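Enquirer: attaching a predicted model along with its sequence, questions to come.
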Amino acid sequence: MLLWVVVSLVLLCGSEASPGLSCKSGTNEDVDWFVLVKPPAGETYVYIDAKGKKDMTSSIRDGALVHTLSPMLRSVRNMPPSFGFLSYSDQPPGASANMKLFGHSKGLVLGDSSTQTSVWITHSTPQFPFRRDQNSFWPDSGAQQGQSFLCVSLPFSALSTVGKHLQNIRAYPFDYDLPAGFPKELIDASKWVHSDALLGEFQTLKTSGNTDLKLMAKPLGDEAEAGDLYVKLAKGLNTDLSAQTWGCQPGRDESYCDKDQQGKIKLQMLNVEEITDGKKTWSTKQDHSKWAVSTRPNTGWTCFGDVNRSISQYGRWGGAVCISGKDLNGFFKGFVKKPLPCRKRPAPCSSSEMFSQIHELAENLQEKLEL
């Protein structure tokens, strides 16, 4: 009888549910969200979560990303039946998405129906993840330019809203396995179902730790008023913004300033020209990350976008995830070294700067051919 009780206890303990999915810190601890900012010309990065900011001397190949993505960095045969994932990118490994059908966006979604948990990462890195393997998920090309990642931990039910957002931004799914029981909206997004609902309007979400999120998919247009994601964000959040996007995008637009009838600036969306992490400073021409930070007092929003601020991309699908938090907002205000004032055009890239951005040059050529 005693042996039977011991065996039963062992079986019960062995069958306990896994703790669930979550964004992970560099020490593999669960966190509600994190942000990674990687400067150009290297693989070290700045790590930020609710506990603060850290300068990481290790490679971005180690730490928070690999810990968070470990459930999907394996063969589908070795994944639990309740686990699913979706990787999307306009620049997947070895290919490019059709720009007429799909948006300019990059990210990953992980979910587990048994634990009712999920993770969503939005980022700026082409060819990521390069492979579903812990030793080769990071593309070698990712070291050259600055990049950014936002990871949020979500309840499983939030994947319905995430799926709608992916439909709105026309995300291109290049690698996925979504078992039965996942929200229909996410499964539809994996099947290239697209939607025009709520373009230019915010959808709201809360992370597992109750942090406020706002999602926006932008409409298309020829002018900044109609098709610029960051102008839409500034107006929707009712705040001035400073926005970092790739500085060598052809047709890069000047900073946007909305004035009243007397010529007084009501709202401004300023391009970032130089970025600093406190140790070094670099040009936005070397940085592929896409983010915007609210600059009016008591706003506290930091947004991570899909597209660049250029006239050619006003006609591209894409969106942004905005996260609320005074400390994170303060860190990103500190990253802004040099904003570009209104009525001042951004300096063009030199031929050597353009040549160093080979992946983006290929994308720009395809963009021109398909417009």
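Expert: Received it, and whenever you're ready, just let me know what you need. Just so it is clear, the model here is predicted, and its values are computed rather than measured. Numbers count the residues shown, from 1 in each chain.
Enquirer: ok, and the closest non-adjacent residue to residue 101?
Expert: residue 170 (6.8 Å; C-beta to C-beta, 6 or more residues apart in numbering). Placement of C-beta: from N, CA and C, glycine included.
Enquirer: residues contacting the one you found?
Expert: The contact partners of residue 170, by C-beta atoms under 8 Å, 6 or more residues apart in numbering, come to 101-103, 105, 194, 317.
Enquirer: which one of these has the most neighbours?
Expert: For those, the largest number of neighbours (other C-beta atoms under 10 Å) sits with residue 105, at 28 neighbours.
Enquirer: doesn't residue 89 make contact with that one?
Expert: Yes. Using C-beta atoms under 8 Å, residue 105 is in contact with residue 89, at 7.4 Å.
Enquirer: give the residue spans of this structure that score low on pLDDT.
Expert: 1-18, 351-371 (pLDDT under 70).
Enquirer: mind checking the longest strand of it?
Expert: The longest strand of the chain (DSSP state E) is strand 265-276.
Enquirer: in the next helix or strand after it, what counts as buried?
Expert: Sequence order places strand 281-283 as the next helix or strand after strand 265-276, per DSSP states H and E. Of the residues in strand 281-283, 282-283 count as buried by neighbour count, 16 or more other C-beta atoms under 10 Å.
Enquirer: who are the packing partners of strand 281-283?
Expert: strand 265-276 (3 or more C-beta pairs under 8 Å, 6 or more residues apart in numbering; DSSP states H and E).
Enquirer: parallel or antiparallel, list what pairs with the strand it packs on.
Expert: strand 241-244 (parallel), strand 256-259 (antiparallel), strand 281-283 (antiparallel), strand 336-339 (antiparallel) (DSSP bridges).
Enquirer: most packed of those?
Expert: strand 241-244 (a mean of 28; mean count of other C-beta atoms under 10 Å).
Enquirer: hmm, who's touching that strand?
Expert: Residues contacting strand 241-244 (C-beta under 8 Å, 6+ apart): 230, 233-234, 268-272, 275, 284, 287, 289-295, 303, 305, 309, 333, 335-336, 339.
Enquirer: what residues are up against the residue sitting nearest the centre point of the chain?
Expert: Per C-alpha atoms, centre = their mean, the C-alpha nearest to the average position across the chain is that of residue 122, at 2.3 Å. For residue 122, the contact set (C-beta under 8 Å, 6+ apart) comprises 105-107, 149-150, 304, 306, 321.
Enquirer: including secondary structure and distance to residue 164, could those residues go into CSV?
Expert: Converted to CSV, the contacts of residue 122 look like this (DSSP: H, G, I helix; E, B strand; the rest coil; distance: C-beta to C-beta, whole Å):
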residue, secondary structure, distance to residue 164
105, coil, 14
106, strand, 18
107, strand, 14
149, strand, 22
150, strand, 18
304, strand, 18
306, coil, 15
321, strand, 13
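Enquirer: just name the closest of those residues to residue 141, please.
Expert: The closest of the contacts of residue 122 to residue 141 turns out to be residue 106 (C-beta to C-beta; 13.4 Å).
Enquirer: just the helices in this protein please.
Expert: Under the criterion DSSP state H, the chain contains helices at 2-14, 64-69, 159-168, 184-190, 224-227, 229-237, 326-335, 351-355, 358-370.
Enquirer: other SSEs contacting the second one?
Expert: By that I understand helix 64-69. Against helix 64-69 (3+ C-beta pairs under 8 Å, 6+ apart) you get strand 23-24, strand 33-38, strand 117-123, strand 147-155.
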